[in-house]
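Novice: Following is a predicted model, sequence given first.
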Amino acid sequence: MRRRRRRRSNVHFVTEIELMPMLNVFISIIPLLLLSAAFVPVTVIKTTLPTGEVVSAPADQAPLDVAVVVQPQAFVVRVDGAVVQAVPRSKADDPDARGQLEVVLKTVADAHPGHREVRIVSEASTRYEEIVEVMDVARAAGLPEAALADASTEAF
Amino acid sequence: MRHRRERRGRRSGAPTSGSVNLISMMDILTVLLLFLLKSYVAGGEVMVPAPGVRLPNSTADQPPPTSVVVAIDKKEIMVGGDPVASLHDALAGDQLEIPSLAAHLHEVQRQQDEIAKLRGAAPDEHRSATIQGDRDIEFRVLQKVMYTLGQSGYENIALAVIQKS
């Protein structure tokens, strides 16, 4: 009796939660989530179809036509067919030219408040990445609705 | 009872079988689990780029819609992961429509309509498609694919990109 009491008062019980089942669940869930998790954030750009014989332009109220022609040596900004400015670029990935193009497009957007569309006129061999870049520049300049067009069907 | 015995044994200097301390591991796993779950909740619709396709970078921030995915890599055009046409064949003709892609899209459309009918819903009027294009493809490929999509009744076209941080 004495012994028993002494043990009770002295022994400090170490309570331990049974963690193994939880660990098992975690170990099976985590690889599953890791496998299906998307670490690369994929987003989208909504666009309209290329002009030409595909879409008939809504020409009833003669909307303003802002176009960026992507050429190997320059970006040419046209408003209703008239060249506003040609931004020369030395190479495909030219940050200066992009900045300049944004300034030009911003001027156009400010001059026509409420106008949101821009046509991106590309040549057959223009790289997709460049088109997406021009879309980004146009969006930053306040013309978020980009439509794609083909340079060979454009009448310049 | 076991603990008591172990403690006594330890005290007496006898070798005991020590249990691995799992708490720190549990901490790591819990944090990892929360992080992964959060990325799920924040992401909504998760789109994984098709293998072999290097999407261009962009500042766009719209989440990808649930739609038919047309992937274009440097060699071929794929619909929902199945190769449909090689780029060489697609660029061969003068016409803008790619026949094999159009045929495949019609098949996909038929299946979509059937599913809609089984659900009791009307067939979708405004179909949407997502194009996952490699950053190095040329505009004429994109144009042909977009034209074919347009002709097949896919009006809302989204271009998949990787969001720049």
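Specialist: Everything's here; your move.
Novice: Now do the helices in the chain.
Specialist: Picked chain A for this. A:2-10, A:20-36, A:95-111, A:128-141 (DSSP state H).
Novice: Can you look at chain B instead?
Specialist: Under DSSP H, chain B gives helices at B:2-11, B:23-43, B:87-92, B:99-119, B:139-151.
Novice: so which of the ones you listed is the most packed in?
Specialist: Among the helices of chain B, ranked by average contacts under mean count of other C-beta atoms under 10 Å in any protein chain shown, first place goes to helix B:139-151 (a mean of 22). The way it works is simple: take the backbone N, C-alpha and C, and place the C-beta from them, glycine included.
Novice: Contacts for it next, please.
Specialist: Identification of contacts with helix B:139-151 by C-beta atoms under 8 Å, 6 or more residues apart in numbering or on different chains yields A:49-50, A:54-55, A:122-128, A:131, A:148, A:150, B:70, B:72, B:77, B:87, B:90-91, B:96-98, B:101-102, B:105, B:129, B:131, B:133, B:157.
Novice: will you turn the helices of chain B into a markdown table that also has distance to residue A:80 and mean pLDDT?
Specialist: As requested, those are exported to a markdown table (distance: least, C-beta to C-beta, whole Å; pLDDT from 0 to 100):
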| stretch | distance to residue A:80 | mean pLDDT |
| --- | --- | --- |
| helix B:2-11 | 87 | 48 |
| helix B:23-43 | 42 | 82 |
| helix B:87-92 | 33 | 82 |
| helix B:99-119 | 35 | 88 |
| helix B:139-151 | 23 | 87 |
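Novice: Quick one: closest of those to residue A:85.
Specialist: helix B:139-151 (22.5 Å; C-beta to C-beta).
Novice: Helix A:128-141 and the closest one, what's the angle between them?
Specialist: Going by axes from the mean of the first three to the mean of the last three C-alpha atoms, to 10 degrees, helix B:139-151 is angled at 70 degrees with respect to helix A:128-141.
Novice: got the angle between helix B:139-151 and helix B:99-119?
Specialist: 40 degrees.
Novice: how far out from the middle of the chain is helix B:139-151?
Specialist: 22 Å (C-alpha atoms, centre = their mean, to the nearest Å).
Novice: before we move on, back to that, buried ones only from the contacts of helix B:139-151, please, as a PyMOL command.
Specialist: Buried residues within those, by 16 or more other C-beta atoms under 10 Å in any protein chain shown, are selected in PyMOL with:
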select buried, (chain A and resi 49+50+54+122+126+127+128+131+148+150) or (chain B and resi 70+72+77+87+90+96+98+101+102+105+129+131+133+157)
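Novice: May I see the helices of chain A arranged in TSV, with distance to chain B and mean pLDDT as well?
Specialist: Shown next, in TSV, are those (distance: least, C-beta to the nearest C-beta, whole Å; pLDDT from 0 to 100):
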stretch	distance to chain B	mean pLDDT
helix A:2-10	8	53
helix A:20-36	4	86
helix A:95-111	12	86
helix A:128-141	4	89
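Novice: Am I right that residue B:71 is in contact with residue B:54?
Specialist: No - look at residue B:71 against residue B:54 with C-beta atoms under 8 Å: they stay out of range, at 11.3 Å.
Novice: Quick check: residue B:51 vs residue A:147, distance?
Specialist: With the distance defined as C-beta to C-beta, to the nearest Å, residue B:51 ends up 30 Å from residue A:147.
Novice: Comparing those two, which residue is more hemmed in?
Specialist: residue A:147 (18 against 9; other C-beta atoms under 10 Å in any protein chain shown).
Novice: Distance-wise, check that one relative to residue A:117.
Specialist: In terms of C-beta to C-beta, residue A:147 sits 7 Å off from residue A:117.
Novice: How about residue B:107?
Specialist: For residue B:107 relative to residue A:117 (C-beta to C-beta), the value is 34 Å.
Novice: same check, this time on residue A:104
Specialist: Distance from residue A:104 to residue A:117, by C-beta to C-beta: 16 Å.
Novice: These two - which one has more neighbours?
Specialist: Ranked by neighbour count (other C-beta under 10 Å), residue A:104 and residue A:117 place residue A:104 first, with 20 against 16.
Novice: Grab the nearest non-local neighbour of residue B:78.
Specialist: Distance criterion C-beta to C-beta, 6 or more residues apart in numbering or on different chains; nearest residue to residue B:78, sequence neighbours excluded, is residue B:71 at 4.4 Å.
Novice: what's around that neighbour, how many residues?
Specialist: 26.
Novice: which residues does it contact?
Specialist: By C-beta under 8 Å, 6+ apart, the contact set of residue B:71 is B:49-50, B:53, B:77-79, B:81, B:131-133.
Novice: Quick one, which of the residues you listed are buried?
Specialist: If we count by 16+ other C-beta under 10 Å, these have these buried: B:49-50, B:53, B:77-79, B:131-133.
Novice: Between those residues, which sits nearest residue A:100?
Specialist: Once C-beta to C-beta is applied, the member of the buried ones among the contacts of residue B:71 that ends up nearest residue A:100 is residue B:133, at 26.4 Å.
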